[in-house]
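Student: Here's my sequence, what's the structure:
(chains A and B)
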Number of protein chains: 2
Amino acid sequence: MTDSAPIAIFDSGIGGLTVLAALQARLPRERFVYLGDTARLPYGTKSTETVTRYTLRAAQVLSSFAPKLLVVACNTASAAALPELGRSLAVPVLGVIEPGARTAVRATRGRVGVIGTESTIASGAYPRALRALRPSLEILLQPCPLFVPLAEEGWFDHPVTREVARIYLEPLVSAGIDTLVLGCTHYPLLATAIRAVVGEGVTLVDSAQAVAEDVAVQVRSPAGAGGGEGSARILVTDAAPRFLRLARFILGDRVASLEAVDLPA
Amino acid sequence: MTDSAPIAIFDSGIGGLTVLAALQARLPRERFVYLGDTARLPYGTKSTETVTRYTLRAAQVLSSFAPKLLVVACNTASAAALPELGRSLAVPVLGVIEPGARTAVRATRGRVGVIGTESTIASGAYPRALRALRPSLEILLQPCPLFVPLAEEGWFDHPVTREVARIYLEPLVSAGIDTLVLGCTHYPLLATAIRAVVGEGVTLVDSAQAVAEDVAVQVRSPAGAGGGEGSARILVTDAAPRFLRLARFILGDRVASLEAVDLPA
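Tutor: Numbers count the residues shown, from 1 in each chain, chains lettered A, B, ... in the order given. The predicted structure is shown next:
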């Protein structure tokens, strides 16, 4: 591992650019290489076996950049494939679930809601990570399958999005959660609509910030270090126009284009 | 081609079972083998290149069953890959767009709306097929990206689905369409919500019926023929529980399970 080696980031699609943005803000001189598996997204509705297979293939492609660290930005892939990735890769691997759980435990007074894709919620990864840190926590889980399509449609704070958020989140609000983990990289894009339903008294946990702090520790790179000018390559397995649109929404117009790559099956 | 050879049906996922259901009703003694690429769905948000590559791989897998005919039930795959499929396969190939266009032209008084995925609408395949049959038609196009996730969520006639339908379809209603092509296999599942927005005066065209008639002609098989007892195998590339749920909603509880298969990249 060298200082100038890049930090690799994997996501099922474009949502993980919220994690890249947090990392770039925290570590502006690092080089990043991001891979979004846009040809096969979403992962959140698919089985653990399929998600694990796709994630391993993507990690192999990212390994060819000789990164010093691999960040799995996708909650679904973190929940399904992190142990397997740790076994099969030489490079250190960091997921988003443990950092998110840590932030939630610091924030909560005892009752935590977790929202995510069907697959992330079904995996039980968040309750495991949360209870490992504080066994007495009360935890309420809610899959939100329509949030990713709504975010990808660009309906970030649309009346329909607020109504869907009300349907998904009102049971958690009624149960008195004080903290809500946004367990999918797309969900911070819907923060305004989510906030409108849960009210000001609930802390929203976006694991992107927590991950950025963890990465800074792991690469032993104080803010400003990294040995370079800072750069990011964004690779995708499908470069349809909607993905570039969403990338520009998250990172701004400095995203000139997305580089298309193929993955093995 | 033998009478007892199966009819193969390809779809990006589960929605194409609406086509299988229409075929089984029309040709109850035929054998069917259905392949849904649930591991890589949806196709409708992805590029023509990716959709074509996936469709060709799936068609190769289905060819191993020595079918007498391949029906591409997915509108997106039909729009993207039909010419390429015709060139690369020995078996006759039938898509859903031409039969749907034919039904629409028979029904319309001159102003046709077409709804579909982003990819299907962007391809221009429906206007081409419609104008080839009647050049003077007025055609209004509308992509409806949230309809597939809403159908897969099971919100077939949910208030949110009606509101989304209103947003997508009101411009077409205002423009005075008299016929609306449901250009995606999932959309018939939302017919009640769509009907509530467009009113009784608009004819809804579900290409599944038109395809079933075309297949009956192509296999020269009068209703009741087919040389067998009638059967259907349903293969999927990812067998997550939500896909079985949706399959049972479309075909009923006689769907005991979905068979998982792998596709090459």
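Student: rest of the way, CA atoms for contacts and neighbours
Tutor: Fine.
Student: where does the residue in the stretch 101-250 of chain A positioned nearest to chain B land on pLDDT?
Tutor: Each residue of the stretch 101-250 of chain A has a distance to chain B, by Cα to the nearest Cα, and the smallest belongs to residue A:240, at 5.0 Å. Model confidence at residue A:240, expressed as pLDDT, equals 90.
Student: Please name the nearest non-neighbouring residue to it.
Tutor: Here the nearest residue to residue A:240 in space, its sequence neighbours aside, is residue B:47; by Cα to Cα, 6 or more residues apart in numbering or on different chains that works out to 5.0 Å.
Student: wait, doesn't that neighbour sit right on residue A:243?
Tutor: No - contact between residue B:47 and residue A:243 fails when scored by Cα atoms under 8 Å: they sit 10.3 Å apart.
Student: so how many other residues sit close to residue A:213?
Tutor: 16 (other Cα atoms under 10 Å in any protein chain shown).
Student: can you tell me which residues contact it?
Tutor: Counting by Cα atoms under 8 Å, 6 or more residues apart in numbering or on different chains, residue A:213 touches residue A:26.
Student: Figure out the helix or strand that it lives in.
Tutor: Following DSSP states H and E, one finds residue A:213 within helix A:207-218.
Student: what comes up buried for that helix?
Tutor: Judged by neighbour count (16 or more other Cα atoms under 10 Å in any protein chain shown), helix A:207-218 contains these buried residues: A:207-216.
Student: roughly how far out does that helix sit from the chain middle?
Tutor: 12 Å (Cα atoms, centre = their mean, to the nearest Å).
Student: What's the first helix or strand after it?
Tutor: strand A:231-236.
Student: can you pull the contacts of residue A:259?
Tutor: Contacts here follow Cα under 8 Å, 6+ apart; on that basis residue A:259 touches A:233-236, A:239.
Student: which one of these sits closest to residue A:144?
Tutor: The shortest gap between residue A:144 and any of those belongs to residue A:236, at 24.7 Å (Cα to Cα).
Student: Distance check, that closest one against residue A:58.
Tutor: 10 Å (Cα to Cα, to the nearest Å).
Student: Same question for residue A:13.
Tutor: When residue A:13 is compared with residue A:58 (using Cα to Cα), they lie 12 Å apart.
Student: Please apply the same query to residue A:107.
Tutor: Looking at residue A:107 against residue A:58, where the rule is Cα to Cα, the gap reads 34 Å.
Student: So those two - more neighbours on which side?
Tutor: Between residue A:107 and residue A:58, counting by other Cα under 10 Å, residue A:58 is the more crowded of the two (22 against 17).
Student: so is the more buried one in a helix, a strand, or just coil?
Tutor: Of the three states, residue A:58 takes helix under DSSP: H, G, I helix; E, B strand; the rest coil.
Student: so can I have a markdown table of the buried residues of helix A:207-218 showing distance to residue A:4?
Tutor: Formatted as a markdown table, those follow (distance: Cα to Cα, whole Å):
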| residue | distance to residue A:4 |
| --- | --- |
| A:207 | 25 |
| A:208 | 23 |
| A:209 | 23 |
| A:210 | 23 |
| A:211 | 20 |
| A:212 | 18 |
| A:213 | 19 |
| A:214 | 18 |
| A:215 | 15 |
| A:216 | 14 |
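Student: Beta-bridge partners for residue A:111, please?
Tutor: In this structure, residue A:111 has the following beta-bridge partners (DSSP bridges): residue A:138.
Student: Compute the number of surrounding residues for residue A:88.
Tutor: Residue A:88 has 12 neighbouring residues, counting by other Cα under 10 Å.
Student: swap that for residue A:22, sorry
Tutor: Residues contacting residue A:22 under the criterion other Cα under 10 Å number 18.
Student: my guess is it meets residue A:207, correct?
Tutor: No - with the criterion set as Cα under 8 Å, residue A:22 and residue A:207 do not qualify as a contacting pair; they are 9.7 Å apart.
Student: ok, residue A:28 touching residue A:216?
Tutor: No - applying Cα under 8 Å as the test, residue A:28 and residue A:216 come out as separate, 10.9 Å apart.
Student: Just want the residue of the stretch 1-150 of chain A that's nearest chain B.
Tutor: Of all residues in the stretch 1-150 of chain A, the one sitting closest to chain B is residue A:40 (4.5 Å; Cα to the nearest Cα).
Student: which ones are touching that residue?
Tutor: Here residue A:40 is in contact with A:12, A:237, B:39-41 (Cα under 8 Å, 6+ apart).
Student: Drop anything exposed from the residues you listed.
Tutor: Neighbour-count burial (16+ other Cα under 10 Å) applied to the contacts of residue A:40 gives A:12, A:237, B:39-41.
Student: of those, closest to residue B:173?
Tutor: Looking at the buried ones among the contacts of residue A:40 and their distance to residue B:173, the nearest is residue B:41, at 30.0 Å (Cα to Cα).
Student: give the contact list for residue A:24.
Tutor: Taking Cα under 8 Å, 6+ apart as the criterion, residue A:24 is in contact with A:30, A:230.
Student: helix or strand for it, which one?
Tutor: Secondary structure assignment for residue A:24, by DSSP H and E: helix A:17-26.
Student: Let's test this: mean pLDDT of that helix, rounded?
Tutor: 95.
Student: Pull the distance from the helix or strand just after it to the chain's centre.
Tutor: Under the assignment DSSP H and E, the closest C-terminal helix or strand after helix A:17-26 is strand A:31-36. Strand A:31-36 has its C-alpha centroid displaced from the chain centroid by 13 Å (Cα atoms, centre = their mean).
Student: List the buried residues in strand A:31-36.
Tutor: A:31-36.
Student: Run the contact check for that strand versus chain B.
Tutor: No - among the residues of strand A:31-36, none lie within reach of chain B under Cα under 8 Å from any Cα of the partner chain; the closest is 13.1 Å away.
Student: That strand vs strand A:231-236, what angle?
Tutor: In terms of direction (axes from the mean of the first three to the mean of the last three Cα atoms, to 10 degrees), strand A:31-36 departs from strand A:231-236 by 10 degrees.
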